[in-house]
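1. Below is the structure, and that's it, no one-letter string:
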């Protein structure tokens, strides 16, 4: 995982993104769609149409970093909103990158009794 400062804002673009885009194309999307500066230090997540690829764009203070992950099986969750963007916590980002539905995580089993 990327070592992010605790105060880092995380934005997920909700629509399908053309995954052929690189640094410059995703930086433009951060400005136009997410209405944020790509050099603000926030992390921007973009999901492809098929749902098996996600790209993260982040300015680390020296330059833009571009990370990508492709799922062998399963899909990344795409939320539906009217604004086109969603703010995430670092925990939600971790679940997203693991392919877990971060909108409704389910516990596997609750303990019945102590001891």
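-> Alright, I've got the coordinates. These figures come from a predicted structure and were not determined experimentally. Numbers count the residues shown, from 1 in each chain.
2. C-alpha only now, for contacts and for neighbours.
-> Fine.
3. Residue 71: neighbouring residues, count only.
-> 14 (other CA atoms under 10 Å).
4. quick one: contacts for it?
-> Neighbouring residues of residue 71 by CA atoms under 8 Å, 6 or more residues apart in numbering: 52-53, 99.
5. Pipe those into a markdown table and attach secondary structure and neighbour count per row.
-> Shown next, in a markdown table, are these (DSSP: H, G, I helix; E, B strand; the rest coil; neighbours: other CA atoms under 10 Å):
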| residue | secondary structure | neighbour count |
| --- | --- | --- |
| 52 | coil | 17 |
| 53 | strand | 19 |
| 99 | coil | 16 |
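6. between those residues, which is closest to residue 7?
-> residue 99 (23.8 Å; CA to CA).
7. Isn't the closest one up against residue 75?
-> Yes. Counting by CA atoms under 8 Å, residue 75 is a contact partner of residue 99 at 6.1 Å.
8. Retrieve the pLDDT associated with the closest residue to residue 64 other than its chain neighbours.
-> Nearest in space to residue 64, with sequence neighbours left out and distances taken as CA to CA, 6 or more residues apart in numbering, is residue 58 at 5.6 Å. Model confidence at residue 58, given as pLDDT, is 92.
9. Geometric centre of this structure: which residue is closest?
-> Centroid-nearest residue in the chain: residue 45, 3.4 Å away (criterion: CA atoms, centre = their mean).
10. so that residue is in which element?
-> Taking DSSP states H and E as the criterion, residue 45 maps to strand 43-48.
11. Which strands and helices lie in contact with that strand?
-> Packing contacts for strand 43-48, counted by 3 or more CA pairs under 8 Å, 6 or more residues apart in numbering; DSSP states H and E, involve strand 10-17, strand 53-59.
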